[in-house]
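Asks: Okay, sequence plus prediction incoming.
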Amino acid sequence: MMVAIEKLHVIDNLGYLGIAGKWKKTILNVHLDLNVKTEEPKTDELIIYVTGEDSRDVKELFSFIIGKLEAIIQPQVTIDKTLVRSSKIESATKGKTDTLDLEELLKCLRDLEHSVKVNSTSIPLDELIPDYSLPEYQGKWMNLHVLIENSEPPIGIGAFGTVYKARLSDNRKAAIKILNHPAPPASTSDFRNEIRIQSVLKCPQIVSVLAIHPYPLAVAFELCMYGSLYTILHSDEFWPISWEVRLKILVDISLSLKYLHSLSIPIAHLDMKSANIGICSLSVEDPVLAKITDFGTAQRVKKRITLRKVDSPFWLAPEILQETPEYTEKVDTYAFGMVAWEVLTRNEPFSNLHYITAQEAILSGDRPHIPPYCSEEYKELITRCWAQSPDNRPPWDWVLDKLTKMQAD
């Protein structure tokens, strides 16, 4: 195994490390220097330099960083705990201190030349030390190897990752989602976006992030015992399910989307479908039955979104599918209408069409057939939510009022 890096990185804003509080004012620089210190090293060394005016704070922060890195990279890398204190650190390559802003730093760390090799596998530094790429994350870290050893067989295997059911150290049940390595850059980006956004959301109807592991990149989510709404709807195992339960599920979904869209900077989920809605209970006596998850493509809506990312169009609003898309969080309202139709019929929207044909149908204003047994109130809910024009889709207070009245009938 070989550990090597040529550039020396000096960070004079500890917020980039996800370190806040008292250290932020007293520590001048955190300097991570990965290098081979002998011609034929028996073990690889990770040399960490911390500088500051107060030696007690320097030692305390150094211990903090060492503890975090040991939890991340053992047993693959042996840490040589070397502490160097000085007034400044000079770059070995340029002869002066390099100060990098966040974007420059992330760009440098994503350069594959700046990586650690573990068992002949090159690991980019932003994966090994994720505080650089996930500075917003302030939650718990987990020992993935122990969890997987004691977990049940995988409950899901996909193209880009594997999901296990496990129990965390605090005895909470969790779904551990592990990203495959190597993974396509887009998958890694979506995975990190999911952690960044979902870990800061505080809503009972949104699946919580319980802990993360940096390499391999993994996240522990609150476990929804009944799986996804898609599984519930398209399997006979749980049926019949009363309308009381189905309406409560729709209320929970509405509450989660109202929360997202009511934030100071609204968040659009952008992938709202039955497969991304977890079911934690099927009893109306419980306070929450459904929680939304999978925020990989979610975005904060500061202005109209113009990114066109379409994997499957069946739940997607027409404005996303346009050749030059321009849309807002109202796309989630459209998708909710599709989910409400799915809850009614137990069918997949446009399941009889090829995805290209379905996309053309959606753009032309076609929608799935609403069966004659559907009540007028429920039909109005569906049709208003999946309206062709975003301006004609209702606010969440109207949706919740409509559902509440149907619950009372």
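Replies: That came through fine.
Asks: Now do the strand or helix carrying residue 260: everything it contacts.
Replies: Take DSSP states H and E as the rule and residue 260 turns out to sit in helix 243-261. Identification of contacts with helix 243-261 by C-beta atoms under 8 Å, 6 or more residues apart in numbering yields 201, 203-206, 229, 266-269, 272, 277, 279, 282-284, 288-292, 329, 332-333, 336, 339-340, 343, 396-397, 399-400, 403-404, 406-407. Yep, even glycine has a C-beta here, placed from its N, CA and C like the rest.
Asks: just checking, which of the residues you listed belong to strands?
Replies: Among these, the ones falling in strands (DSSP state E) are 267-268, 277, 279, 290-292.
Asks: so which of these comes closest to residue 240?
Replies: Taking C-beta to C-beta as the measure, residue 240 lies nearest residue 279 of the ones in strands among the contacts of helix 243-261, at 15.4 Å.
Asks: what about the closest one, how many residues close to it?
Replies: Per other C-beta atoms under 10 Å, the neighbour tally for residue 279 reads 23.
Asks: Beta-bridge partners for it, please?
Replies: residue 290 (DSSP bridges).
Asks: quick revisit: mind picking the two most distant members of the ones in strands among the contacts of helix 243-261?
Replies: Among those, 268 and 279 lie farthest apart (C-beta to C-beta), at 22.8 Å.
Asks: give me the low-pLDDT residue ranges for the stretch 251-400 of the chain?
Replies: Counting by pLDDT under 70, the stretch 251-400 of the chain contains low-confidence ranges at 306-311.
Asks: and if we set it to 50?
Replies: The stretch 251-400 of the chain contains no residues with pLDDT under 50.
Asks: Residue 342 - how many residues pack around it?
Replies: 22.
Asks: Give me the nearest residue to residue 387, chain neighbours excluded.
Replies: Using C-beta to C-beta, 6 or more residues apart in numbering and skipping residues adjacent in sequence, the residue nearest residue 387 is residue 393, 5.1 Å away.
Asks: Quick check, the one you found in contact with residue 382.
Replies: No: in this structure, residue 393 is not within contact of residue 382 by C-beta atoms under 8 Å, at 11.4 Å.
Asks: okay, now the domains of the chain?
Replies: Per automatic domain parsing, the structural domains of the chain span 3-123, 140-222, 229-408.
Asks: Show me just the buried residues among the contacts of helix 243-261.
Replies: For these, a neighbour count by 16 or more other C-beta atoms under 10 Å gives the buried set as 201, 203, 205-206, 229, 267-269, 272, 277, 279, 282, 288-292, 329, 332-333, 336, 339-340, 343, 396, 399-400, 403, 406.
Asks: What values do phi and psi take at residue 210?
Replies: phi -100, psi -30 (degrees, to the nearest 10).
Asks: Model confidence score at it, please.
Replies: We have a pLDDT of 89 for residue 210.
Asks: again with the one 3 residues further on
Replies: Per-residue pLDDT puts residue 213 at 77.
Asks: doesn't residue 164 make contact with it?
Replies: No: counting by C-beta under 8 Å, residue 213 stays clear of residue 164, with 11.9 Å between them.
Asks: And residue 293, how close does it get to residue 398?
Replies: Taking C-beta to C-beta, to the nearest Å as the measure, residue 293 and residue 398 are separated by 25 Å.
Asks: out of these two, which sits in the more crowded spot?
Replies: The neighbour comparison of residue 293 against residue 398 (other C-beta under 10 Å) goes to residue 293, with 24 against 14.
Asks: contacting residues for the more buried one?
Replies: By C-beta under 8 Å, 6+ apart, the neighbours of residue 293 are 198, 206-207, 221, 224, 276-278.
Asks: Likewise for residue 329?
Replies: Residue 329 neighbours (C-beta under 8 Å, 6+ apart): 260-261, 266-268, 301.
Asks: In the residues you listed, find the pair that's most separated.
Replies: Spanning the widest gap among the contacts of residue 329 are 260 and 301, at 9.5 Å by C-beta to C-beta.
Asks: Please enumerate the shared neighbours of the two.
Replies: Joint contacts of residue 260 and residue 301 (C-beta under 8 Å, 6+ apart) are 266-268, 329.
Asks: Residue 281 and residue 274, how far apart?
Replies: 17 Å.
Asks: higher neighbour count, these two?
Replies: Comparing residue 281 with residue 274 by other C-beta under 10 Å, the one with more neighbours is residue 274, at 24 against 18.
Asks: show me the contacts for the more buried one.
Replies: Contacts for residue 274 (C-beta under 8 Å, 6+ apart) come out as 228-230, 233, 339, 342-343.
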